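K.L.:
I would like the atomic coordinates for the input below:
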Amino acid sequence: MTEERRAEPLSLPDIAAMKRDGRKIVMVTAYDAPSARLADEAGVDIVFVGDSAANNVLGYPDTTPISMDEMIMLARAARRTTQRAFFLVDMPLGAFQESDEGAVHHAIRFVKEAGAQGVKLEGGGPMVARARAIAAAGIPVMGHLGLTPQTATALGGYKAQGRTGANARQLYVDALALQRAGCFGIVLEAVPARVATHISDALAVPTIGIGAGPGCDGQVLVWHDLLGINDGPMPRFVKRYADVAGEVRRGLATFTAEVRDGTFPSTEHTYKISDEEFELFASETSSAVIAGDDWI
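P.N.:
Here you go, the predicted model:
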């Protein structure tokens with residue numbers, strides 16, 4: 001059963017209040033208008049156009065190739081049907097790493113061209129300055145720590161982060177730095193649950209976990225993972241709530257079979273013409289010979 005839809009769109013103060021009140025925040029990726037509409041109607045708090053659209057929608061091998069223009073196109077589509085949820089868009093690789101000015105420029109593009117209410121960027125350390133610059137420009141920004149897919153190669157692959165005391169401490173330091181920089185929230189991905197809980201308790205802003213345990217202030221999953229659209233092995237933190245791929249296959253197989261055996265379309269799927277009008281049509285065309293585009 002879906003939650004009753006809010007009377008007003010969710011705002012940043014609403015999200016902050018959810019942290020204070022201990023109400024869990026629900027965030028889901030959506031990459032097009034139908035997905036965003038369904039997530040919004042389901043009562044999701046944050047509709048997120050992630051750069052994971054690269055591999056989930058556009059057929060790239062990972063998130064790194066997707067461009068600003070591609071992200072804006074997808075975000076514009078999703079924004080058209082997001083009415084109640086807070087609308088967040090991912091900063092793709094290359095949109096913020098080079099300079100503070102470049103980061104602000106691309107964040108502004110998302111706001112002006114796609115209607116983003118906020119942006120998310122990956123990384124701590126040098127990326128804290130980028131988050132600070134975007135926030136200083138008046139654009140809400142969410143951080144992302146732990147496994148950061150855009151720089152997964154530098155992290156040794158798609159592996160959990162913060163599993164040593166030193167690495168966990170660095171996540172803690174980076175989280176506090178992002179909060180001081182003005183981030184309204186932080187995604188923690190593939191981080192040991194106890195570490196994520198400790199960081200969440202230390203922060204005034206909410207954490208959104210993905211593979212970071214129940215101690216975070218909210219959770220996010222990828223649309224195609226949680227609905228069973230993607231096939232094959234999934235990260236251990238993914239729970240499939242539906243088998244959309246299976247339903248699609250069954251539907252397509254049935255359609256194919258019915259077309260081939262002639263049972264589709266049946267009378268109920270066709271349009272009618274009156275006997276009188278059909279006789280007129282038939283009489284006018286039965287003696288006509290068509291040569292090229294001309295009636296003879």
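K.L.:
pLDDT averaged over the strand or helix carrying Ala54 - what is it?
P.N.:
Per DSSP states H and E: Ala54 is located in helix 53-56. Mean per-residue pLDDT for helix 53-56: 96.
K.L.:
other SSEs contacting that helix?
P.N.:
Using 3 or more Cβ pairs under 8 Å, 6 or more residues apart in numbering; DSSP states H and E as the contact test, the elements touching helix 53-56 are helix 68-80. C-beta here means a position set from N, CA and C on the backbone, and glycine is covered the same way.
K.L.:
List the buried residues of the helix it packs on.
P.N.:
Using 16 or more other Cβ atoms under 10 Å as the test for burial, helix 68-80 gives 68, 70-72, 74-79.
K.L.:
packing partners for it?
P.N.:
Looks like helix 68-80 contacts helix 33-41, strand 46-49, helix 53-56, strand 86-90, helix 100-114 (3+ Cβ pairs under 8 Å, 6+ apart).
K.L.:
To Ala193, which of those lies closest?
P.N.:
Smallest distance to Ala193 across the helices and strands packed on helix 68-80 (Cβ to Cβ): 21.3 Å, for strand 46-49.
K.L.:
who does that closest one pair up with?
P.N.:
strand 25-29 (parallel), strand 86-90 (parallel) (DSSP bridges).
K.L.:
Most tightly packed of those strands?
P.N.:
Highest mean neighbour count of the strands paired with strand 46-49: strand 86-90, a mean of 26 (counted as mean count of other Cβ atoms under 10 Å).
K.L.:
What is the nearest of the buried residues of helix 68-80 to Phe96?
P.N.:
Nearest to Phe96 among those is Met68, at 10.3 Å by Cβ to Cβ.
K.L.:
List the contacts of the closest one.
P.N.:
Contacts of Met68 were listed using Cβ atoms under 8 Å, 6 or more residues apart in numbering, and they are 92, 94-95, 106, 109.
K.L.:
Specify the local secondary structure of the residue nearest to Glu8 when sequence neighbours are not counted.
P.N.:
Excluding its sequence neighbours, the residue lying closest to Glu8 (Cβ to Cβ, 6 or more residues apart in numbering) is Arg84, at 7.7 Å. When classified by DSSP: H, G, I helix; E, B strand; the rest coil, Arg84 comes out as coil.
K.L.:
Contacts for stretch 88-104, please.
P.N.:
Stretch 88-104 is contacted from outside by 27, 46-52, 54, 63-64, 66-68, 70-71, 75, 106-107, 110, 114, 116-122, 127, 129-130, 132-134, 137, 139, 142, 150, using Cβ under 8 Å, 6+ apart.
K.L.:
Buried only: go through those for me.
P.N.:
Buried among those by 16+ other Cβ under 10 Å: 27, 46-52, 54, 63-64, 66, 68, 70-71, 75, 106-107, 110, 114, 116-122, 127, 130, 132-134, 137, 139, 142, 150.
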